[in-house]
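S.K.: Generate coordinates for the sequence data below:
(5 chains, ligands or ions: 4)
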Amino acid sequence: MSTPTQTETTPQSTFARLRDLWNDYLPYWFMAPMVAVMVMITFFPGAYDLYLSLIAEPTLDVFAADFVGLRNFETAFTRGGAIHSFVITITVVVSALLLETVLGFVLAALVAGVGSDRAKSFYRVLFIIPMAVAPVSLATIGRIMLNSEIGIIPYVINTGTPFAAPSFLSDVPLLTVILLDAWNWTPFMFIIFYAGLSSVPKTLIEASRVDGAPMWRRYVHVIIPYMKPVVFVATLIRLIDLFRTFGVVYGLTGGGPGTATQLVSINIYEQMFINNQITVAAAIAIVYLVVVVALCNVIIAKVGFEGVWD
Amino acid sequence: MATTDSDSATASQRLDKDTREKLVTVVRHTILLTWSFIVLFPLYWLASMSLKPPGTANSLPPDWIFLPTVYNYIQLIQDSGFVAAFANSLVMVSASVVLVLLIGVPAAYVLSRYDIPMERDVLVWILSSRMLPPIAVVLPFFIIFRELNLFDTRVGMVLMYVSINLSLVVWVMKAFFDGIPETLEEAARVDGATQFQGFRKVVLPAAKPGIFSVAIISFIFAWIELLFGLVLTSFEAVPVTLFVYSFIGSRSIEWGMLAAASTAMIVPVVIFLIAVNKYLAAGLSFGVVIKE
Amino acid sequence: MAKITIDDVTKRFGEGDESIVAVDDVSLDIRDGEFIVFVGPSGSGKSTLMRIVAGLETQTEGDIHIGDDLVNQLGPRARDIAMVFQNYALYPNMTVEENMSFGLKMSTDMSADEIEEAVTSAAEMMDIDMLLDDKPGELSGGQQQRVALGRAIVRDPNVFLMDEPLSNLDAKLRAEMRTEINRLQNDLDVTTLYVTHDQTEAMTMGDRLVVLNYGELQQVGTPLECFYRPANQFVAGFLGSPSMNFFEGKVEGGTLRADGFDFDLTERMQSAVGSRNELVLGIRPEDMTLHDRANSGHEFEAVVDVVEPMGSISYVYLQARSQSHDQTFIVETDGQRPISEGQHVYVEIPDRDVHLFDAASGETIHQRQLGDDAEMALEEQIKPAE
Amino acid sequence: MAKITIDDVTKRFGEGDESIVAVDDVSLDIRDGEFIVFVGPSGSGKSTLMRIVAGLETQTEGDIHIGDDLVNQLGPRARDIAMVFQNYALYPNMTVEENMSFGLKMSTDMSADEIEEAVTSAAEMMDIDMLLDDKPGELSGGQQQRVALGRAIVRDPNVFLMDEPLSNLDAKLRAEMRTEINRLQNDLDVTTLYVTHDQTEAMTMGDRLVVLNYGELQQVGTPLECFYRPANQFVAGFLGSPSMNFFEGKVEGGTLRADGFDFDLTERMQSAVGSRNELVLGIRPEDMTLHDRANSGHEFEAVVDVVEPMGSISYVYLQARSQSHDQTFIVETDGQRPISEGQHVYVEIPDRDVHLFDAASGETIHQRQLGDDAEMALEEQIKPAE
Amino acid sequence: TRGGDGSDGGGGGGSGGNDGGTSTSGSDGELAIPLSEYEDADIDWRQFEGSSINIGAVQHPWVSAIKPAVPVFEELTGIDVVWNVLPEQQFRTKRQTDVSTGAGQFDVFYMDQVVNQFREEGWIQPLDPFFDDDSLFDEGWYEPDDLFEASRWQAHGGGYSDTWTGMPITVEVQTQFYRKDLYDKHDLEVAETLEQFRQNAKTIHENESDVVGTVGRGDKGYGMNIYILNTFLREFGTSLWTEFPTDSGLDSDGVIDAAEWYVSLLQDYGPEGASTQTWSDVLSTMQEGRAGHIVSDANLFWPGLTGSDSSVADNIGIAKVPSPADGQFSPNAFNWQISTSKNAQNSEQAFLFMVWASSQPTNIWMHVEGDAAFSVRQSVWENDEFRSRVGENFAQVTLESLQEAAPDPFDRKYPEWGQRYSEELQRAIAGQKSAEEAMTQAASIAEDIYSN
Ligand SMILES: Nc1ncnc2c1ncn2[C@@H]1O[C@H](COP(=O)(O)OP(=O)(O)OP(=O)(O)O)[C@@H](O)[C@H]1O
Ligand SMILES: Nc1ncnc2c1ncn2[C@@H]1O[C@H](COP(=O)(O)OP(=O)(O)OP(=O)(O)O)[C@@H](O)[C@H]1O
Ligand SMILES: [Mg+2]
Ligand SMILES: [Mg+2]
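M.R.: Ligands and ions are numbered 1, 2, ... in the order given. Predicted structure coming up:
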């Protein structure tokens, strides 16, 4: 596209001049509010966390704080269980992301191919709903549904299938967390993929059919590459959201049993609100931010997000 | 998209189209119905908990069939606080969705169409706003809100919701805009449309599925948001999520009420979904109109 | 390599009152290895028919056989076709090379080397070998079209379907491509359906022409047959550029009284006309001759409206001097003939070149006569087609 | 209504080694109200140049003036143009009517009624009035193209830019559209740039032709000028269909020794050739004549390779009998002339129709002669263009 | 509002926030408690007339019980009361943000195990100056000695503070719950010793198909499994921090024995996944009639177990927590107190509210007229009207337990090391390690935390 400063008109009246100002600097106007909000929500919190991570303990007078260098980071990694949390988090992120991406895509593709419009609408609405269940409700009600003694799910499994239900929260907590997250958030992938699928030009699909590609190869070679930006963005955002998952897991397992599901976010929470170690929490948060930013940069560099029309 | 007719590899493998179509349809619906069941079962359970008489919410073997009672809902409605918070949330969340689209979509457009210096860094920066768990940033936000007199205001909460969704809107919409050929805007500009008109009249309609998808997601993210609502409000702007959790007491959980409130919270989402349902699939098939 | 049978195929778009009949009860037998050219006005259903054969569109009624198989139920993949889409439908995210090799990768088990070789040689043929690494978005319109064509011809399918594959190419390239396609089609002996609006392509490429109008079959025949022996006024007018001049008239005795001139019907014509009263006389611009003065009774006077010099020839737009309605007809003359607007000339309509059509139905009543050799050429073209 | 000045415009795509020069230092003065036709092979930069004029692409170097304003910095809107895109670029979410009225809504303050009227009349002109409520996706290729054209012509811009606007239409519709465009352009007197690959359009529509090759300007002149007085071998070969036959040869004395025949240069030719040794002789297929036997020393013997009957004319592909390399040339004959493959004929190259080109540079050394009237027509076309 | 409805168990008021505190009875203009009850006090009630206080509270029965009486306070003092009521976990978050940023939104707030932590951070305003202020406090009228000793001890930071850190408002004590019907069926005696309890659990566990012997908190968290275990370890004769801050005592034999006992109890006769049970699972399992016993848990379960949410409401028995045959009865207790912070604008007003709220008249009214059952005042538990309302048995068991109760001493890092200690215990319950290993590990963690 042309340079941002290419002008649209030659000015006459005041109104026209204003309008030209609007149009000639459109990209700036378009970016400005977003940048303003972003500055507000990133710079101060980031700086504040960094500040916290470097001091002994928060004081009401910012300048009276006692800087202790990297001690909080040391505490985070020695006593704070930060490494363990990162490992757990990555396990959850990788498996849930894989599951949700695949499931979300398969469902989106299947629904897109449904013949009847009403059935399509039905699935479309239904499949999005799990996302709308508030995390603590989900965790609380999930707990009771999964309860080995009085939960409906073990009951159904035990009575309705030949399998014996595991004790979800104590025997397979990580798996339970991953599956519940998949139940909760596959809709996110579904909805974005579905929208992405519906903007793939029909002719491309026709061309690939004529070229003799069987269905799955059409997806692999034509549809997914075409949707690449959308797939990429949805996956990346889900990845980031998974990294900071908190509410459901905390409500479900509290990070346990032991520390089996101690995600970084739970670790930060405990440091902050239970141990009252705000500075250690901030240190973990900073490390975490650096790790995730680096990860995103690597992913973006490796995968790239150029659209098909670029 | 998934097609229903047969594309078997060789002539010898050709299956009758009807048979194949049926087979594909059967497989398709088997999978979809299975997932529907997986989705529906907990939802059904939630709803049924809210409709069960007190004391039977967790009974096993379950009362599959029971006489539904709207007792919990009546309680909920009579609790003026719940209804007020519900309405309050609805207003704040809706306003935030409108606002975040107004702020995010144009920015996404610029990021998609113009060469921005250090574009990747800008994008990662935007994304970084959602990287930290909310608990790690809630303190600074609390401080900002107090300083700016936004604490416990609806405006403040709307802004908060905007900020939690902005990165999502910008990124997802950028991806969708990337998928819309620029030729369309070129045509609009040649037709005498300003950049802005081209964006509004040509690009936006073409990006409808994307816009409505992020609208839904943003709505849900804001609607179920808890932590910021908790820390940044106290009376005026309290969101409904806090109310839902108020049924989780210190020494007892009011299952029926919790389920009723949680179910009630799903309702606006479903209504919103049904309302925008048709836009989600408004695929445009550019290829027909643009030779490529 | 397969014959194609199109059996009473109808395609309706939309439903109820809003529905459009894009293809109207078309039946057609296409022999194995035949090269069929579809022509017809814009919107006459050519692409739709082609897409039905491809399996991209399902006919509302009727059957399609490829080879001996009824393929109604089969998708494009099973039909083993290669197609050039009217809108190209290139994969925007693939390079030219990937676009061209995609079909081979999907439908054959050729090795990567073989595929590369095939693609490279097709690209050379299309003169796009230096563009192999570009994305379609970086190509000019004509280059894109050649990629679309190349993507089809690298394959070795049962059937080629080509929907205006050369429309965006310059004359020279088009001539080359025409030759290449013909050569290829002869070599591979692949049944080919080809849509074109180009007179030259229509006349030179196909074994048979299929003329469509409003979704209905107008005529099927060899190019010369359609040109010299049009089945009806539509076909006569559609083929040839500029198109045939038509003059409506009433038969009075042995004379056709047209607006602005009379034309004496020959005996043969008269017997063909029979009792019909309203006729249309058709004659091609290149068959009429202009004289500076009247030589015989045959000529009539006309005024030059516009002259369109085309280089070696010119098109002269004329109006009969004594006509009562505004009707212009075209005569082709030598490009170097001195003629200017407003000039009066005498127009001769040679008997032997005249077609007569029924005014109501448009059916041809009388065909022009041909020289012996042309007649022979015509017969020859028809014969192998039988 | 504005003149356009293109000043040393160069457009490079990509950077460094990978870069492609799509437009190479083109300068052109277009008068107010002039109709300019761009022709050139696929990929020669026609669309790019047009997009630069439109403001959709920024030239790497050079200036564009519209009227008296330097518009380098102005967007398309400020340039007030209407354009038919080569790829149509219809708005997929709007109906045909909305597509066509969009420009009016954006660029004028016409009332809704006026807009509707304008759109309806343009749609009627394009014969798409019954499609106004359809979405572009439901239209045939030709219908889409007409919508794209209609969308441009409803407007009353400073400049029309039309990039192969008729390529997907049938001959008849194309002829009508051609007339409509010409009429409209005359009525509105809008400066128009027009890209086409169609010989007829190129020869009949424009005031001047601009011939491009590899982004470089080859010749600017009236159609007849470019046709009869090609500046170089490229232009000579590019215009005319089938293209001019070229025979390379060496000058020996007053004779050009080509492969397969000798051609005696006339005095005028000899003086034009001067000391050059290697020449190319060019002659158009329609200017060569075939004889069954040698009448004079001028003819040479050739063998018929292929005959392409086109209806009223035929193209005969010939090879000089005594040639040492494989070279085919084309001669146009009467369609009813009896001729068949393998037949031996005698080919005459009339002196007056011969062009001579420098073999190395391709520059024209000697132009053909024209009849007085053709000469006059040529002069006439050139004059107003001065 | 739903505050007064006893049927929904102890959960009480479902109002989350913006309920201004008007009571049900306030509408007819008549006060719940006559002002005269307070006018005897030598306190200048009206000195802050026209101001208002902001109370940050947990979603707790106390809130719903006291709300109807708040107009009395408002009338008495002319101070407006604004409530901010939140579920417990959310409240903790909110309180922490408030105090750690010095915002001082809350004049009065709920305070719990983190009291010493907060106190050491300087976030809590000691109340002693107010006690000493004659215009604010009348010892004769208030009768501080009527408060259970355990409650007063806890209000002094569980022994870690020399000053009042807040006023106790509710107390809960651990009691034993059992299924009367199953006891009748299997001819069981209510256990007084741990051995008996284990035997009873075994009998039920082995003879009932759908009922587990016992349930108990197994999940981690300083208010979860160790809240129960702490009872036993005291009963086994040890205590936390035999030597503060160098010896946590967690690896002592007593602790290990207690842990082994509790762990094996849950493992042998507890539900599947006992290690993840929180108090709500315990309550629900019992309510559903799927367990025979709760060895020890909050007496506040009583309304829930005997109310309409319970399918075994009529068959629940309550008894004192068992102790080892040779041990000492020493149930855990937990107080909620209300405190005020140094940043609060209206600490004095807050103190007035605390005095009023925990005063005898208010307490008696809440427990007699309302549905409260958590008084920190001995006199209330001895009140006949109250006893007849809640049931003699419940009242007596609670009273006796409270008199002997020994709350946990929440030292300032208790939340941190307690969390780790509870994680270790959870691992043991889950069978990932032995109780001994777990407790040894817990001890070293706890000591390590104090060593820096
Ligand atoms: N966006 C682009 N990026 C890179 N190269 C381009 C781009 N657009 C055009 N080109 C190249 O520039 C050259 C000129 O293209 P242009 O579209 O102007 O050709 P054209 O004369 O219009 O051809 P056609 O008749 O085939 O439409 C071509 O070689 C093409 O590959
Ligand atoms: N998807 C569709 N929905 C509705 N109508 C359609 C659709 N596709 C084609 N048509 C209509 O069917 C008719 C035939 O279209 P088709 O594309 O076959 O024409 P065509 O002969 O290929 O024309 P052209 O030469 O312009 O490409 C047209 O009138 C067109 O409007
Ligand atoms: Mg078509
Ligand atoms: Mg072009």
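S.K.: For the closest residue to residue B:131 other than its chain neighbours, give me the pLDDT.
M.R.: Spatially, and ignoring its direct neighbours in sequence, residue B:131 is nearest to residue A:292 (4.6 Å; CB to CB, 6 or more residues apart in numbering or on different chains). Yep, even glycine has a C-beta here, placed from its N, CA and C like the rest. Note for residue A:292: predicted pLDDT of 90.
S.K.: list the helices and strands the helix or strand harbouring residue A:292 packs on?
M.R.: Using DSSP states H and E, residue A:292 sits in helix A:278-303. On a contact count with 3 or more CB pairs under 8 Å, 6 or more residues apart in numbering or on different chains; DSSP states H and E, helix A:278-303 meets helix A:26-54, helix A:71-78, helix A:82-112, helix A:228-243, helix A:264-269, helix B:119-128, helix B:134-147.
S.K.: Contacts for the fifth one next, please.
M.R.: Outside of helix A:264-269, the residues within contact range by CB atoms under 8 Å, 6 or more residues apart in numbering or on different chains are A:80-82, A:85-86, A:88-89, A:243-246, A:249-250, A:254-255, A:281, A:284-285, A:288, B:133, B:135-136.
S.K.: how about residue A:62, what does it touch?
M.R.: With CB under 8 Å, 6+ apart, residue A:62 has these contacts: residue A:51.
S.K.: close enough to count as contact, residue B:162 and residue B:103?
M.R.: Yes - if you go by CB atoms under 8 Å, residue B:162 and residue B:103 touch, sitting 6.6 Å apart.
S.K.: what is in contact with those two at once?
M.R.: Common neighbours of residue B:162 and residue B:103 (CB under 8 Å, 6+ apart) are residue A:37.
S.K.: one step back: packed most tightly, which of the helices and strands packed on helix A:278-303 would that be?
M.R.: Ranked by mean neighbour count, the helices and strands packed on helix A:278-303 are led by helix A:264-269 with a mean of 27 (mean count of other CB atoms under 10 Å in any protein chain shown).
S.K.: roughly how far out does that one sit from the chain middle?
M.R.: When C-alpha coordinates are averaged (CA atoms, centre = their mean, to the nearest Å), helix A:264-269 and its chain have centres 16 Å apart.
S.K.: again with stretch C:13-24
M.R.: With CA atoms, centre = their mean, you get 25 Å for stretch C:13-24.
S.K.: Give me the contact list for that stretch.
M.R.: Identification of contacts with stretch C:13-24 by CB under 8 Å, 6+ apart yields C:9-12, C:45, C:48-49, C:52, C:59, C:214-216, D:138.
S.K.: cool, and stretch A:90-110?
M.R.: A:123, A:127, A:174, A:177-178, A:181-182, A:185-190, A:192-194, A:196-197, A:219, A:231, A:234-235, A:238-239, A:242-243, A:245, A:249, A:261, A:263, B:1-2, B:28, B:31-32, B:35.
S.K.: does chain B sit close to stretch C:65-73?
M.R.: Yes - counting by CB under 8 Å from any CB of the partner chain, chain B is contacted by stretch C:65-73 at C:69, C:72-73.
S.K.: do the longest strand anywhere in chain E and chain B meet?
M.R.: Looking across chain E with DSSP state E, the single longest strand is strand E:167-179. Yes - Strand E:167-179 lies within reach of chain B by CB under 8 Å from any CB, at residue E:172.
S.K.: right, is that strand up against chain A?
M.R.: No - counting by CB under 8 Å from any CB, chain A has no neighbours in strand E:167-179; the shortest distance is 14.5 Å.
S.K.: follow-up on the earlier one: what about the residue nearest to residue B:131, how many residues close to it?
M.R.: For residue A:292, the count of nearby residues is 23 (other CB atoms under 10 Å in any protein chain shown).
S.K.: so who does it touch?
M.R.: Applying CB under 8 Å, 6+ apart, the residues near residue A:292 are A:240, A:243, B:128, B:131.
S.K.: Going by distance to chain C, which of those wins?
M.R.: Nearest to chain C out of the contacts of residue A:292 is residue A:240 (CB to the nearest CB; 25.3 Å).
S.K.: Now for that closest one: which residues touch it?
M.R.: A:292, A:296, B:127, B:130-131.
S.K.: Mind telling me the two of the contacts of residue A:292 farthest from one another?
M.R.: Spatial extent of those (CB to CB) is set by the pair A:243 and B:128 at 11.8 Å.
S.K.: thinking again about what came up before, filter the residues of stretch C:65-73 next to chain B down to just the ones in strands.
M.R.: Per DSSP E, the residues of stretch C:65-73 next to chain B map to strands at residue C:69.
S.K.: looking at the residues of stretch C:65-73 next to chain B, which has the most residues close by?
M.R.: Among the residues of stretch C:65-73 next to chain B, the one with the most neighbours (other CB under 10 Å) is residue C:73, at 19 neighbours.
S.K.: Now that one. Its backbone dihedrals?
M.R.: The phi and psi values for residue C:73, taken as degrees, to the nearest 10, are phi -90, psi 0.
S.K.: So for residue A:52, what's the nearest residue that isn't a sequence neighbour?
M.R.: Nearest one to residue A:52, counting by CB to CB, 6+ apart, is residue A:282 at 3.5 Å.
S.K.: And that neighbour, how far from chain C?
M.R.: 43 Å (CB to the nearest CB, to the nearest Å).
S.K.: dump the residue contacts of that residue.
M.R.: By CB under 8 Å, 6+ apart, residue A:282 lies in contact with A:49-53, A:72, B:136.
S.K.: Quick one: mean pLDDT over stretch A:221-233.
M.R.: 89.
S.K.: Straight-line length of it, end to end?
M.R.: End-to-end distance for stretch A:221-233: 19 Å, by CA to CA, to the nearest Å.
S.K.: Check whether that stretch comes near chain D.
M.R.: No - using CB under 8 Å from any CB, stretch A:221-233 never reaches chain D; the gap is at least 15.8 Å.
S.K.: So which residues lie in contact with that stretch, not counting its own?
M.R.: Applying CB under 8 Å, 6+ apart, the contact partners of stretch A:221-233 are A:101, A:105, A:192-193, A:195-197, A:199-201, A:204-205, A:207-208, A:213, A:303, A:305-308, B:1, B:171-172, B:174-176, B:178-179, B:210, C:91-94, C:102, C:106.
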